[in-house]
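Student: the following block contains a protein sequence and its predicted model.
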Amino acid sequence: FNMSRFRSLFWLAPAMLIVMAGCQKPSTSSKKTTAANATSTANAEPTEINGMPVVHLKRKQTGDTPQFLGMTILPGRGMNTFMITGYFPGLGKFDVLHAPSLEVANTKYYGTASDAFGNDSFAFGGAFPIPYPNRIFGKVSPDGKTITAYWHGHKLVLPANWHNNVHPNLAKQAMHGLILKENASNVKVHDTPNGQVVTADMPDAFHGKWISKTDLHFRIALEPDTIDVQVTAKNVGNTTEPISMDWHPYLRIPSGKHAQTLLHVPGTMRQPVNSYPVELPTGKSVPVKGTRFDFTSPEGSPLHEGYLDTNWSHLQWKNGKMTVFVADPASNYKISEIGLSPEIKTVQVYSPPKAKFVVVEEQFNYNDPFGKEWHGKDTGMHLLKPGQSVTWHVQLKMSELHPGKK
């Protein structure tokens, strides 16, 4: 796997925490540690990122039930949901997402060489990979800065912002969209009866790098039992375009115990890749039944220590919802990601061995959706005609794995 992506795990090591100017160690079992982690907002934390004010949604705790308490959102980094905080019985106040402090992110990562295309937006927290989650492969330019791909005769020249050292001919790819460090506008925060909501716009979000002109609208709501996230894309140009949307949240495992963590993905097929360092799809879909990739059990199945960067399809919906969950039996904690948009065709899960997080991505598309390996198969990209819109809608809900267990 790519070590640059795996580097986010280093924050969990005590030595690195000392170096990183007081970044709190994520919780294992100590209530005191988790509470300190969630409330460690230093005075030095920036109020602006990439020239845009940081948005903090907040609500007061009510009772002793699982509940969300706050969100930190970065309009200067593509509306990245950098942090979600919550309260959970036995854990106290804690960080729901895996990320360093905002101060560390802004001084050690944002704006550095590795962040030239905004890659550090998807190294932690919760980025929005739009209009293409995952990878697009193509011909790399002589200077190594772009790749060229084609969709129905339309030429796309995209940033070559991801690479590996395994296969020289596939050294670079386009990864996770075009808004990783774009500024939003018209950012507004509103109170609701039980929380807060932020809305924002991103007109002409892709700046001519996509097939048509596209406006994005974001609505992110904090409620006691729900984080509700909606992104609407509207084709305001003159050409029909393909589009996909996604969220890339690093969902923390509170106990830090990866092997015993339970994962439920209601997908009966997966799309294998040639190898994890390169991750070029084979163009096939294969059944998961009887393999280590079968996470269809309603109770979830343990992660063990296998490497996951896997795409599932043939998703099972119930009552208009498609639910993936991550559960930590060691802390009786469960967090569900609920898809509400029928355009969501696949789920991508990223979690390396011993990782203290699981990234759950509910997206429209397969990996490398324009690739020849698919031989014209529908790869999930949603077609937007001029004037049309599509909304990606997902919710997070937190609960006890075994209600009432002490």
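Tutor: That came through fine. Numbers count the residues shown, from 1 in each chain.
Student: G76 falls within a strand, correct?
Tutor: No: assignment of G76 by DSSP: H, G, I helix; E, B strand; the rest coil gives helix, placing it outside any strand.
Student: that one contacts T47, doesn't it?
Tutor: No: judged on Cβ atoms under 8 Å, G76 makes no contact with T47 at a distance of 11.1 Å. For every residue, glycine as well, the C-beta is placed using N, CA and C.
Student: more neighbours, those two?
Tutor: The neighbour comparison of G76 against T47 (other Cβ atoms under 10 Å) goes to G76, with 21 against 8.
Student: quick one: low-confidence parts of the chain?
Tutor: Along the chain, the model assigns pLDDT under 70 to residues 1-43, 165-170, 406.
Student: number of residues surrounding K289?
Tutor: Residues near K289, counting by other Cβ under 10 Å: 10.
Student: also P53?
Tutor: Neighbours of P53 using other Cβ under 10 Å come to 13.
Student: contacting residues around it?
Tutor: Going by Cβ atoms under 8 Å, 6 or more residues apart in numbering, P53 touches T47, P75, V187.
Student: try it again at 10 Å.
Tutor: Contacts for P53 (Cβ atoms under 10 Å, 6 or more residues apart in numbering) come out as P46, T47, L74, P75, G76, V187.
Student: look up phi and psi at it.
Tutor: phi -60, psi 140 (degrees, to the nearest 10).
Student: hey, what's it bridged with?
Tutor: Beta-bridge partners for P53, by DSSP bridges, are E48.
Student: before we move on, back to that, so what sits against both of G76 and T47?
Tutor: By Cβ under 10 Å, 6+ apart, the residues touching both G76 and T47 are P53, V54.
Student: would you turn the contacts of P53 into JSON lines with distance to V231?
Tutor: Output for the contacts of P53, formatted as JSON lines (distance: Cβ to Cβ, whole Å):
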{"residue": "P46", "distance to V231": "25"}
{"residue": "T47", "distance to V231": "25"}
{"residue": "L74", "distance to V231": "15"}
{"residue": "P75", "distance to V231": "14"}
{"residue": "G76", "distance to V231": "17"}
{"residue": "V187", "distance to V231": "14"}
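Student: of these, which pair is most distant in space?
Tutor: Taking every pair in the contacts of P53 and measuring Cβ to Cβ, the maximum separation is 16.1 Å, between P46 and V187.
Student: quick one: contacts for the residue lying closest to P298 once chain neighbours are set aside?
Tutor: Once flanking residues are discounted, P298 sits nearest to H264: 7.0 Å by Cβ to Cβ, 6 or more residues apart in numbering. By Cβ under 10 Å, 6+ apart, the residues touching H264 are 295-301, 323-327, 334, 336.
Student: at 7 Å instead, please
Tutor: F295, S297, P298, G300, V324, F325 (Cβ atoms under 7 Å, 6 or more residues apart in numbering).
Student: show me the contact partners of stretch 55-73.
Tutor: Stretch 55-73 is contacted from outside by 54, 75, 79, 81-89, 93, 102, 187, 189, 194-196, 198, 220, 222, 224-225, 227, 398-400, using Cβ under 7 Å, 6+ apart.
Student: and it, how far out from the chain middle?
Tutor: 20 Å (Cα atoms, centre = their mean, to the nearest Å).
Student: which positions within it qualify as buried?
Tutor: V55, H56, L57, R59, P66, Q67, F68, L69, G70, M71, T72, I73 (16 or more other Cβ atoms under 10 Å).
Student: and what of stretch 316-332?
Tutor: Here stretch 316-332 shows M322, T323, V324, F325, V326, A327, D328, P329, A330, S331, N332 as buried, counting by 16+ other Cβ under 10 Å.
Student: nearest to L280, of those residues?
Tutor: Using Cβ to Cβ, the buried residues of stretch 316-332 come closest to L280 at V324, 24.6 Å.
Student: host element of the closest one?
Tutor: Following DSSP states H and E, one finds V324 within strand 322-328.
Student: C-terminal to that strand, what's the next element?
Tutor: Following strand 322-328 in sequence, per DSSP H and E, is strand 333-339.
Student: which elements pack onto that next one?
Tutor: strand 322-328, strand 357-363, strand 389-400 (3 or more Cβ pairs under 7 Å, 6 or more residues apart in numbering; DSSP states H and E).
Student: repeat that with 8 Å
Tutor: strand 248-252, strand 322-328, strand 357-363, strand 389-400 (3 or more Cβ pairs under 8 Å, 6 or more residues apart in numbering; DSSP states H and E).
Student: of the contacts of stretch 55-73, buried ones?
Tutor: 54, 75, 79, 81-89, 93, 102, 187, 195-196, 198, 220, 222, 224, 227, 398-400.
Student: from these, which ones fall inside helices?
Tutor: In this view, the buried ones among the contacts of stretch 55-73 that belong to helices under DSSP state H are L102.
Student: quick one: N332 and L401 touch, right?
Tutor: Yes: taking contacts as Cβ under 8 Å, N332 lies within contact range of L401: 5.0 Å.
Student: give me the contact list for stretch 276-289.
Tutor: 1-2, 135, 137, 164-167, 170, 267-274, 294-296, 307, 309, 311-314, 366-368, 371, 373-375, 377.
Student: can you report phi and psi for F122?
Tutor: phi -110, psi 20.
Student: so it sits right up against H248, yeah?
Tutor: Yes: between F122 and H248 a contact is recorded at 5.1 Å, counting by Cβ under 8 Å.
Student: which residues in the stretch 101-250 of the chain form strands?
Tutor: 126-127, 135-136, 139-140, 146-151, 154-159, 162-163, 172-175, 185-191, 196-202, 214-222, 227-235, 241-243, 248-252 (DSSP state E, counting those that start in this stretch).
Student: what comes up buried for the last one?
Tutor: It refers to strand 248-252. Buried-residue list, strand 248-252, by 16+ other Cβ under 10 Å: H248, P249, Y250, L251, R252.
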